[in-house]
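Trainee: sequence first, predicted model second:
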Amino acid sequence: MSDFAKAKIVFALALVAVLFAIHSVVRDFENAGFSFFGTVLQFRMIYFLMLGLLGCVIYFYAIDFITDNPLGLAHRVGNLFYAISLLFPPVFAIVALSIKVAEGVVWISSSPLAGEISKLAIASIAAGAGLLIAKLASAHMNRRDRADNVDRLAFQSKAHLQRAEELMEVGHYDLVALEGYRCIESVLQRTLLDDNVHVSSTRANQLIPIAARVGIIPENYVGIFHELRIARNRAVHSRDEFTGKDASWFLDATRRMINAVRAARPEEQDGKFAEVASSFEEKEGHDLAHQQEGEPVPMPQN
């Protein structure tokens, strides 16, 4: 979860705490309110509606937190409720002001109908403007969430790759596959998120076909991504020995796949990727130094 998302949750909880703190004051004026087209809008109704909106915000953020779909539907709905809850008091204040304006119109024109029309017009404009601003604020929060997560995944993918290289040096070959594959997952998640492609899960077996379908992964590399997934599962879950040769192949193939994802994107977006080794000649003792770009990378056999 990004720092921006955490800040939103903290502020939502703080607003709920403030509402609970002023509950005794609201209770003293619970029957106070104003008449609007024959309906009495009491202050306590405004209070409980705002409390309910903030409760929905926290609920949908919590649903998003426990799901395997970052920035999914629950998070976007939570952002919308958050924006509405912030604009709720000003809209009701404008509605209350419209009543005073209507009274002034009636006094000037001596026409009750003109007063009712002005009251309805001001209230409708306030409600429409409030919903429009809430929608724009929600869209801005969605973009901010996406940008923060893209940055987080960029640092995360780079950290996984560096960790895999360190593990390779100390001889923990099975963990090389684990960290290398986490790097690939982070790169795919980041690229899909950056392209505003929503996925139902962050698991690689679902990310790979989606990335291939939208052109993030070249078609001739899809099989290699699946080979890496199989090799990772063998290293982590199987009793078969994952040798240094296997780990070297996995690490080199990981770098090549990251470069393939970067190359498949539009040129103007290339700079958004974390830098990785651009060629295998920069690494010594690997098995792919003489592979031509675009050719399949053979998986070593034990």
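Mentor: Thanks, I have it. If you're wondering where the values come from, they're calculated on a predicted model, not measured in any experiment.
Trainee: neighbours of Gly215, just the number please.
Mentor: Summarising burial for Gly215: neighbours were counted as other CB atoms under 10 Å, giving 12. Where C-beta positions appear, they are placed from N, C-alpha and C, glycine not excepted.
Trainee: secondary structure class for it?
Mentor: coil (DSSP: H, G, I helix; E, B strand; the rest coil).
Trainee: how about stretch 205-220, which residues are buried there?
Mentor: Within stretch 205-220, the residues that qualify as buried by neighbour count (16 or more other CB atoms under 10 Å) are 207-208, 210-212, 216-217.
Trainee: stretch 237-248 - what's its average pLDDT?
Mentor: Average pLDDT, stretch 237-248: 80.
Trainee: nope, stretch 13-26 is what I was after
Mentor: Over the span of stretch 13-26, the pLDDT mean works out to 83.
Trainee: then stretch 218-229?
Mentor: 81.
Trainee: so who does the residue nearest to His226 when sequence neighbours are not counted touch?
Mentor: Nearest in space to His226, with sequence neighbours left out and distances taken as CB to CB, 6 or more residues apart in numbering, is Ile208 at 6.7 Å. For Ile208, the contact set (CB atoms under 8 Å, 6 or more residues apart in numbering) comprises 188, 217, 222, 225-226, 229.
Trainee: any idea how the protein splits into domains?
Mentor: 1-146, 170-262 (the TED database).
Trainee: got these as CSV, with distance to Leu161 columns?
Mentor: Supplementary listing: the domains of the chain in CSV, determined by distance: least, CB to CB, whole Å:
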stretch, distance to Leu161
domain 1-146, 21
domain 170-262, 5
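Trainee: out of these, which is the most enclosed?
Mentor: domain 170-262 (a mean of 19; mean count of other CB atoms under 10 Å).
Trainee: from the chain's centre, how far out does that domain sit?
Mentor: For domain 170-262, the distance between its averaged C-alpha position and the chain's averaged C-alpha position is 21 Å (CA atoms, centre = their mean, to the nearest Å).
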